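A.B. asks: I need the structure of the sequence given here:
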Amino acid sequence: MKTVLITGANKSIGFETARQLAQQGYFVYLGSRTLDKGEEAVKQFKAEGLTNIEAIQIDVTDKASIESAKNTLSQKLSSLDVLINNAGISGGFPQTIEGTSTDTVREVFNTNFFGVIDVTQVFLDLLKKSDAPRIVNVTSGLGSLTLHSDPSWQYYNIKGVAYGPSKTALNAYTTVLAYELRDTNFKVNAVDPGYTKTDFNNHRGPTDVSVAAEYVVRCATFGEDGPTGRFISYENNAQTGEIPW
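C.D. replies: Coordinates of the predicted model:
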């Protein structure tokens, strides 16, 4: 049975991603910042008959927590097939250049950027032991500098100094990660699941979490001929999905 760790999976897109991968036969380690919320999510899945899922406490902004999660998983498995870096925060909007403190910017980057780097570094050795390891960094179209420079883009006016830049940095990290792993069996991609109805945006998005999660799952389960080092977005094209950096 293939295994997957999903950070921030106790709700929203991460939660639905966990459900869909469990339904596909993966054993899912549902990462949650607090164990009680993770276990509550697992109870919901077990009520649906999904028993191949387990909560694991992991706070991506706390290196000790990440190491502890890794030690826990190392006692349960010899390799990890998929890592989905899904945990993220917005920092609240609006995020104007004069009204947003650097404390807010640092807080957002700690979760959306530095947290991804720490988690990836810690779990990389377990991933390398898989025959077909996959890393999905959940990003946003708001991280595209090209689209942000295009006045015709539908989200051109949605800008901020914390959230978007944190995803731009995440995208840049993804290209480096994919490059360094280019001669291996890894597939590493930045995936934008689209503007989705979640508590992240007060449920204003037009896309349902089931659709967004399906897209993340598709990228997490790419076959040997799948792409790597790409910026893939549901918003652009549900079939090919690449958008400019």
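A.B. asks: could you use CA atoms for every contact and neighbour count after this?
C.D. replies: Fine.
A.B. asks: can I assume I135 sits in a strand?
C.D. replies: Yes - assignment of I135 by DSSP: H, G, I helix; E, B strand; the rest coil places it within a strand.
A.B. asks: buried sites along stretch 25-44?
C.D. replies: With burial defined by 16 or more other CA atoms under 10 Å, the residues of stretch 25-44 counted as buried are 26-33, 35, 37-39, 41-43.
A.B. asks: mind checking how far it is from the chain centre?
C.D. replies: 15 Å (CA atoms, centre = their mean, to the nearest Å).
A.B. asks: check stretch 151-163 too.
C.D. replies: Stretch 151-163 sits 21 Å away from the centroid of its parent chain (CA atoms, centre = their mean).
A.B. asks: outside of it, which residues touch it?
C.D. replies: Stretch 151-163 has contacts (CA atoms under 8 Å, 6 or more residues apart in numbering) with 89-91, 93-97, 100, 104-106, 108-109, 142, 147-150.
A.B. asks: ok so, going back, so which of the buried residues of stretch 25-44 are in helices?
C.D. replies: Here DSSP state H is the test, and the buried residues of stretch 25-44 give L35, K37, G38, E39, A41, V42, K43 as lying in helices.
A.B. asks: so the closest residue to L126 other than its chain neighbours: helix, strand or coil?
C.D. replies: If the residues on either side of it in the chain are set aside, L126 comes closest to S79, at 4.7 Å by CA to CA, 6 or more residues apart in numbering. The three-state assignment at S79 reads coil, by three-state DSSP.
A.B. asks: show the contacting residues for S79.
C.D. replies: Under the criterion of CA under 8 Å, 6+ apart, the neighbours of S79 are L126, L127, K128, K129, S130.
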